[in-house]
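Novice: My questions concern the predicted model and sequence given below.
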Amino acid sequence: MKYNKNSYKQVVSEYTPKNTIFKNCIWAFIFGGAICLLGEIIKNILMSGFSIPETDAGPMSSLVLITLSALLTGLGWYDKLGKIGGAGTVVPITGFANSVVSPALEFKREGYVLGTAANIFKLAGPVLVFGYFSAFIVGVLSLLFK
């Protein structure tokens, strides 16, 4: 079967995936905003309902979001949300919790020590090391130039 230039262009256009970057950006904005809004709601509930000071309510709301993310990952729902929300589910702190829990679940069949414990920080480990190292450098620079 011979193709001429026009028929080749038609075949290529049929099989080329459509550009969905604008739609993906909108979904990421909606999901990321919803996660942040949920964090603010949790923070306000902690402050008004439980009389927790704002300085303590912020970190506590982060812990609640991390726990919810780990729970949703364990139930298999976070990945489904991630397929729709894209970067909106990856960028906030909940995405980091998901990146820690996912390898732990994937390797649990190999045992607690050689499976879960050995692989839990497979994705998040380099991020933690870089964060600790950066904090160390900033601390040293702050000490030297204070």
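Specialist: Now that the structure is in, tell me what you want to look at. Numbering: from 1, shown residues only.
Novice: Can you pull out the residues in contact with the worst-scoring helix or strand of the chain on mean pLDDT?
Specialist: Lowest by mean pLDDT, DSSP states H and E among the helices and strands of the chain is helix 118-119, with a mean of 76. By Cβ atoms under 8 Å, 6 or more residues apart in numbering, the surrounding residues in contact with helix 118-119 are 103, 104, 106, 107. (C-beta placed from N, C-alpha, C; glycine too.)
Novice: residues touching the last one, list them.
Specialist: To tie it back to what came earlier, the one meant is residue 107. 115, 116, 118, 119.
Novice: before we move on, what about the third one?
Specialist: With contact taken as Cβ under 8 Å, 6+ apart, residue 106 is in contact with residue 119.
Novice: name the element residue 24 belongs to?
Specialist: helix 21-49 (DSSP states H and E).
Novice: Low-confidence regions, this structure specifically.
Specialist: 1-3 (pLDDT under 70).
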